[in-house]
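**Q** dropping the sequence and predicted coords here.
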Amino acid sequence: MDIRNICLLGHSGSGKTTLAESMLYVTGAIDRMGRTVDGNTTCDYDAEEVKRQISISLAMAPVEYKGCKINVLDAPGAFDFVGEVMSALRAADAAVLVCSAKDGVSVGLEKAWKYCQERNLPRFIYVSKTDEDNADYAATLEALRAKFGTGIAPVAAPAPDNSCIVDLVLNKAYQAGKGGKTTEAAVPASMADEVESLRAELMEAAAGTDEELMEKFFEEMELSAEDTAKGIGIGVRDASLVPVVCGSAITGLGTTVLLQTIVDLVPAPTAMPAETATDESGEASIEVARDPDGPTAAIVFKTISDQYGKYSLVKVVSGKITGDMNLYSTGTGKAEKLGRLYTLRGKKAEEVKEIACGDIGAIAKMDRLKTGDTLCDPKRIVKLAPVPFAEPCYSRAIAP
């Protein structure tokens, strides 16, 4: 199965958890969509999160869409919990920055952009709450371009009355239906000029990523949907283009377009460049290829300890992990017998037989494992880059 790993980043209150809930509902992973105000969302399950109606911890929400498994990592937006954002960035292969159409470019969005830029991480922007009062998609788009440059490339646009979302790559419109599903519709006549202008800009941006596409664009003054998607994909991988999707997570309008965009444009984990690691001494540099048949190497990017037990969340960079393995831990300096393996969806754990290359999962009851440890084949000991610490918000001197 194809795999995509994304994290949802952005300012607190921008709608990240609701978007994750919408993705779960639209794909059939849950049969009832929860709301943060009701305290029944999949990702905000801790008592404090329910009470305060904000995300405090990183949560997983894997979904399946058209044969592709998308591991969604919902990170908190409050600055107090930036460590959770760092954990999400360590495991994700791309980020979806959530931006409210009511608030425009927020401080939280700027910080998320900075974190992605430092890592040269492929990123998308999802403009949320397009159907709410005082929402202005056009103004938000202009603010994004003014702040982040011409690499901002809208691949979707909402109708003025929010009756549909237009996919600019395919030149098709979609309306919200029952159960969060969307149905294809005609592009509104009132949007014809706007859509034509946005599509021309998108084609030009896509053509600028590849010489062959540029030549074709100059000859024909347009690109096919396939060529446009190819060019955008190249731009996403080298972080020169940032696609912008929009919608309303509550109604599900735009969620399917986002899922399709993720499947089409986010690089598969095995297509990502090799990771740079070190040997056991921490001195010699080693490249760890993202090879499903290579020696096992995985990073522990988060540890969860609660009333349900202890889980070590891992991202498998090379090889695979099975429950009967003995893997060397860089934290303990010895081989560790693994426990049961799980995939987490919020607080629900489903046991699995293996965690494949590029996938994310959890190992239960590994008391000696810590966040940042590497699990690897004892015959090829490597230390993967640990989870980075964020810069402190303030410093304090403590007298002896």
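**A** Arrived safely.

**Q** three-state assignment of the residue lying closest to P388 once chain neighbours are set aside?
**A** With CB to CB, 6 or more residues apart in numbering as the criterion, P388 has its nearest non-adjacent residue at 5.5 Å, and that residue is M86. For glycine as for every other residue, the C-beta is placed from the backbone atoms N, C-alpha and C. In three-state terms, and counting by DSSP: H, G, I helix; E, B strand; the rest coil, M86 is helix.

**Q** quick check: bridge partners of E350?
**A** For E350, the beta-bridge partners are T343 (DSSP bridges).

**Q** just give me the neighbour total for it.
**A** E350: 12 surrounding residues under other CB atoms under 10 Å.

**Q** which residue ranges of the stretch 151-300 of the chain form strands?
**A** All strands of the stretch 151-300 of the chain, identified by DSSP state E, counting those that start in this stretch, fall at 152-154, 156-158, 165-167, 172-176, 182-185, 242-246, 275-278, 285-288, 297-306.

**Q** worst average pLDDT in these?
**A** Among the strands of the stretch 151-300 of the chain, strand 182-185 has the lowest mean pLDDT, at a mean of 86.

**Q** buried residues, it. List them.
**A** By 16 or more other CB atoms under 10 Å, the buried positions in strand 182-185 come out as T182.

**Q** need the strands of the stretch 151-300 of the chain in CSV with distance to K348, can you?
**A** Below are the strands of the stretch 151-300 of the chain laid out as CSV (distance: least, CB to CB, whole Å):
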stretch, distance to K348
strand 152-154, 36
strand 156-158, 31
strand 165-167, 30
strand 172-176, 27
strand 182-185, 26
strand 242-246, 28
strand 275-278, 30
strand 285-288, 31
strand 297-306, 13
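
**Q** any idea which of those gets closest to N40?
**A** Proximity of these to N40 was assessed by CB to CB; the nearest stretch is strand 297-306, lying at 18.1 Å.

**Q** poorly predicted segments of the stretch 151-300 of the chain, please.
**A** Residues of the stretch 151-300 of the chain meeting the criterion pLDDT under 70: 179-180.

**Q** how about the helices of it, start to end?
**A** Counting by DSSP state H, counting those that start in this stretch, the stretch 151-300 of the chain has helices at residues 192-207, 211-220, 225-237, 255-265.

**Q** tell me which of those is the most buried.
**A** For those, average neighbour numbers computed from mean count of other CB atoms under 10 Å are highest in helix 255-265, which has a mean of 23.

**Q** hmm, who's touching it?
**A** Residues outside helix 255-265 that contact it (CB atoms under 8 Å, 6 or more residues apart in numbering): 2, 4, 6, 19, 22-23, 26-27, 63, 65-66, 68, 70, 94, 96, 124, 126, 155-156, 165, 167, 174, 180-182, 229, 232-233, 236, 243, 245, 247, 249.

**Q** that one vs helix 225-237, what angle?
**A** 80 degrees (axes from the mean of the first three to the mean of the last three CA atoms, to 10 degrees).

**Q** what's the domain layout of this structure?
**A** Residue ranges for the domains of the chain, per automatic domain parsing: 2-271, 275-376.

**Q** among those, which comes closest to P386?
**A** domain 275-376 (3.5 Å).
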